[in-house]
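Starting from these lines, generate the structure:
(4 chains)
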Protein chains: 2
Amino acid sequence: MNTAGKPGRPRTGEQRLSRAAILAAALRIVDDEGLEAMTMRRLAAALGVNPMSIYHHLPNKAAVFAGLAELVFAGLDDVRPRPGGPWQDEVKDAARAYRAALKAHPNLALQVLSDPSAVSDVVVVTVEPFYRALERGGLPPRAIFESVNTIVDFVHGFLLGELSVRAATFELAPDLVDRVQKLPDGKAPALTRVVNALGRDGLHYDFDGGFESALTLLVNGIESTAG
Amino acid sequence: MNTAGKPGRPRTGEQRLSRAAILAAALRIVDDEGLEAMTMRRLAAALGVNPMSIYHHLPNKAAVFAGLAELVFAGLDDVRPRPGGPWQDEVKDAARAYRAALKAHPNLALQVLSDPSAVSDVVVVTVEPFYRALERGGLPPRAIFESVNTIVDFVHGFLLGELSVRAATFELAPDLVDRVQKLPDGKAPALTRVVNALGRDGLHYDFDGGFESALTLLVNGIESTAG
DNA sequence: ACCTGAACACCGTTCAAGT
DNA sequence: ACCTGAACACCGTTCAAGT
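Numbering: from 1, shown residues only, chains lettered A, B, ... in the order given. The predicted structure follows:
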């Protein structure tokens, strides 16, 4: 029901509903209560409106999520090139900004990443900082293209893992060590050896640290592949 | 309803239902009709059984999907080390096998990748071939650990993109050139330059080729980071 | 044009009752 | 122990009717 509880067209200038207002309310629900709380009926209730009113501004639920994806990527601040800094750092900064933008709405990011249309549609613009950095690195177009694809895919996969876990860091050790030691003998010998060599302390996984290590690996790979 | 259409416990040895039988039917539905076709009621119908019967073998729908994730990774054949081949090729083979296993059930892979419990639970064993290869490469334990994380994250992200395109009902091959040329001037200059330099033919994206390029980049990165 | 109420065709899951 | 039927509390979306 609306504010007056009456059907019919609202007075001119009243404009209780709009695409932007609907998306803002939807984003709020997703951020506060999670993805599956965002139903059309719940969204309508949050707006104080009949569920069907939404359909006059957005064709269906998928369109709501597509709109939310836009909002997420709109939060991706342009990465200004560091004055005089090495292009390698610029690549890393682009990746850091990309990760930060998606982490700003953790409940939504998983949906954005697995929604085909959302990803492909919006990546076109958000990928520019990577191209800028690699172009400045003097790489040939083909190498730039492949490198950006690789690094963006990595960030997507990294976020998949990171957002699936609650805390910023978590103890791999109790889980992993136990699990590895429970394995049938010789089932995963190399994994067992590495886990034992690292020990419990070495397995305390830190997502920020893991991200940085991977960026270094990737940038090194770009350099040695292109050079 | 069951075969007889009657309630009550089946005769001994009759055993119409089992966890394995339920999961097999569920996998069939997902493969044939897609993820969202796999509802508890649809699954029951496929088994010729009352929807509620399933709950005696699996606690809920999430457990069904978790069971399906196991099946997917069970399809990951052990990668035998190439006799006398370089360890770099062994790393690539591990990644190829991992990708192939997930692509064997494309409709399910997206679900598996975004399901936290599924991924972390099962990765423990499936990750062994990567550890074996990198250990043979003589890398220190820490470098092995970071490298495997990076490459697995990349494969996840790559699959996200690859399977999204395939799963998309409309808008199959997004024409990057068109989209870039429609952009406001100076919005993405570096991207525009690269796209123009590559031309239409150079942008016909081939997932197999893209995957191989990325693997080379990653292996080079591993080498130069550890060495 | 914009909003509403009722209705349709579904969901996952609980519960009590059958054998 | 295993299966069933009815029921509960939801869904997304269509449609006709209001102003």
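
Quick check: buried residues in the helix or strand where residue A:163 lies?
For residue A:163, the element it lies in under DSSP states H and E is helix A:141-164. Buried residues in helix A:141-164, defined by neighbour count with 16 or more other Cβ atoms under 10 Å in any protein chain shown: A:141, A:143-164. Just so you know, the C-beta spots here come from the backbone N, C-alpha and C atoms, and that holds for glycine as well.

how about the CA coordinates for stretch A:69-88, as CSV?
Only the C-alpha atoms of stretch A:69-88 are listed here, as CSV (Å, rounded to 0.1, in the frame of the first residue of the first chain):
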residue,chain,number,x,y,z
ALA,A,69,25.6,-4.2,-10.6
GLU,A,70,25.8,-0.7,-12.2
LEU,A,71,25.8,0.9,-8.8
VAL,A,72,28.6,-1.3,-7.6
PHE,A,73,30.9,-0.5,-10.5
ALA,A,74,29.9,3.1,-10.3
GLY,A,75,31.7,3.1,-7.0
LEU,A,76,34.9,2.3,-8.7
ASP,A,77,36.9,5.5,-8.5
ASP,A,78,39.1,6.4,-11.3
VAL,A,79,42.6,5.5,-10.6
ARG,A,80,44.9,8.4,-11.3
PRO,A,81,48.3,7.4,-12.6
ARG,A,82,51.0,8.0,-10.1
PRO,A,83,53.2,10.9,-11.2
GLY,A,84,56.5,9.3,-12.3
GLY,A,85,55.7,6.0,-10.6
PRO,A,86,56.5,2.7,-12.3
TRP,A,87,53.7,1.2,-14.5
GLN,A,88,53.9,-1.9,-12.4
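
Identify each buried residue in it, please.
A:69, A:71-73, A:76, A:79, A:87-88.

for stretch A:186-203, same thing?
Taking 16+ other Cβ under 10 Å as the basis for neighbour counts, the residues of stretch A:186-203 that come out buried are A:188, A:190-195, A:198, A:202-203.

Please apply the same query to stretch A:212-226.
Applying a neighbour-count criterion of 16+ other Cβ under 10 Å, one finds A:213-226 buried in stretch A:212-226.

Residue A:151: what's it in contact with?
When contacts are counted by Cβ atoms under 8 Å, 6 or more residues apart in numbering or on different chains, residue A:151 touches A:91, A:95, A:130, A:218, A:222.

Next, format those residues as JSON lines and append pLDDT and distance to residue B:178.
Listed next are the contacts of residue A:151 as JSON lines, based on pLDDT from 0 to 100; distance: Cβ to Cβ, whole Å:
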{"residue": "A:91", "pLDDT": "97", "distance to residue B:178": "27"}
{"residue": "A:95", "pLDDT": "96", "distance to residue B:178": "27"}
{"residue": "A:130", "pLDDT": "96", "distance to residue B:178": "21"}
{"residue": "A:218", "pLDDT": "98", "distance to residue B:178": "29"}
{"residue": "A:222", "pLDDT": "98", "distance to residue B:178": "28"}
